[in-house]
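Asker: Got a sequence here, can you build the structure:
(one chain, ligands or ions: 2)
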Amino acid sequence: MDPALDYGSTSYKQAYGRLTGAVIEGEQEAYGNYLKLAKLMPQHQAEFLDAARIERRHQRSFQSCSRNLGVNADRSWAKEVFAELRDRFSTAAAAGNLVPCLLIQALVVECLAIATYNAYIPVADDFSRKVAETVIQDEYQHLNFGQSWFKQNFESLRAEIQAANQTILPIAHRILARISYDAAHMGMDLQSLEEEFTIRYGEALEEIGFSFDEVYRMAASRSLAA
Ligand SMILES: [Fe+2]
Ligand SMILES: [Fe+2]
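Answerer: Numbers count the residues shown, from 1 in each chain. Ligands and ions are numbered 1, 2, ... in the order given. From the prediction side, this is the model:
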């Protein structure tokens with residue numbers, strides 16, 4: 001724990017209210033996305049409904065963290081942070097395009113959560129840290145599920161994944177940029193937040209079947225639409 005952090009100060013609470021709002025909204029997004037995936041991919045309905053239930057539990061756990069600190073989570077700001085990703089998911093879901101939907105939820109949202117919680121754990125208050133440490137274990141499992149599905153279907157989906165990545169990855173980086181101001185106020189190391197996301201996401205793409213060079217080029221699409 002960072003002794004310089006004053007969890008009771010107004011400035012900490014302001015940053016916490018906004019960031020925890022984004023976390024709670026992110027868990028809400030994950031919950032809704034898994035429910036939609038359960039409908040889109042009925043063959044995996046049980047796994048997706050189970051994941052949705054777990055995301056709901058995460059959301060409640062983080063709500064108890066903010067209650068514990070006496071902070072109101074700022075959900076209205078957070079809705080805006082996720083709006084672009086939500087629209088992208090909805091458009092793909094409405095068209096029955098599974099690849100962007102699964103890429104958004106099972107890889108991007110899970111990697112965003114893992115990177116954020118890993119950056120947060122070293123500077124969190126005791127209560128929130130225990131919650132984040134438990135939650136992150138579930139997110140690793142969700143990421144694993146997404147990876148193995150893509151891996152099994154890799155050759156037929158390769159081009160589609162690359163195309164979806166080009167528009168989705170820049171959105172993920174915009175989300176990280178938007179939460180960075182408050183994350184820094186909460187003592188989080190912004191460089192490791194960015195790096196952790198890039199590394200996790202890159203490792204996931206390699207695990208799925210992309211070569212190191214392909215992953216490198218796919219990561220570069222970050223700057224195209226930024
Ligand atoms: Fe979650
Ligand atoms: Fe998750």
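
Asker: Those residues of this protein touching ligand 2, which are they?
Answerer: Applying CB under 5 Å from the ion, one finds that the chain approaches ligand 2 through 139, 142. Heads up, the C-betas are built off the backbone N, CA and C, glycines and all.

Asker: could you pull out the helices for the chain?
Answerer: 10-40, 45-69, 75-94, 98-102, 110-120, 126-152, 154-185, 190-208, 212-224 (DSSP state H).

Asker: With respect to burial, which of those helices scores highest?
Answerer: Most buried of the helices of the chain by mean neighbour count (mean count of other CB atoms under 10 Å) is helix 110-120; its value is a mean of 24.

Asker: helices and strands around that one, which ones?
Answerer: helix 10-40, helix 126-152, helix 154-185, helix 190-208 (3 or more CB pairs under 8 Å, 6 or more residues apart in numbering; DSSP states H and E).

Asker: and G26, how far is that from L69?
Answerer: 18 Å (CB to CB, to the nearest Å).

Asker: Ignore what I typed, I meant A172.
Answerer: Distance from A172 to L69, by CB to CB: 27 Å.

Asker: Save the helices of the chain as CSV, and put in mean pLDDT too.
Answerer: Listed next are these as CSV, based on pLDDT from 0 to 100:
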stretch, mean pLDDT
helix 10-40, 96
helix 45-69, 97
helix 75-94, 96
helix 98-102, 97
helix 110-120, 98
helix 126-152, 97
helix 154-185, 96
helix 190-208, 96
helix 212-224, 83
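
Asker: Once you drop chain neighbours, what's closest to the residue of the chain found nearest ligand 2?
Answerer: Across the chain, the shortest distance to ligand 2 (CB to the ion) belongs to H142, at 3.6 Å. Spatial nearest neighbour of H142, excluding adjacent residues (CB to CB, 6 or more residues apart in numbering): E110 at 4.9 Å.

Asker: Was I right to think the one you found contacts F145?
Answerer: No: with contact defined as CB atoms under 8 Å, E110 does not reach F145; the gap is 9.1 Å.

Asker: so what's S192 up against?
Answerer: Contact analysis of S192 by CB atoms under 8 Å, 6 or more residues apart in numbering lists 118-119.

Asker: ignore the last one, S66
Answerer: S66 neighbours (CB under 8 Å, 6+ apart): 16-17, 20, 24, 72-73.
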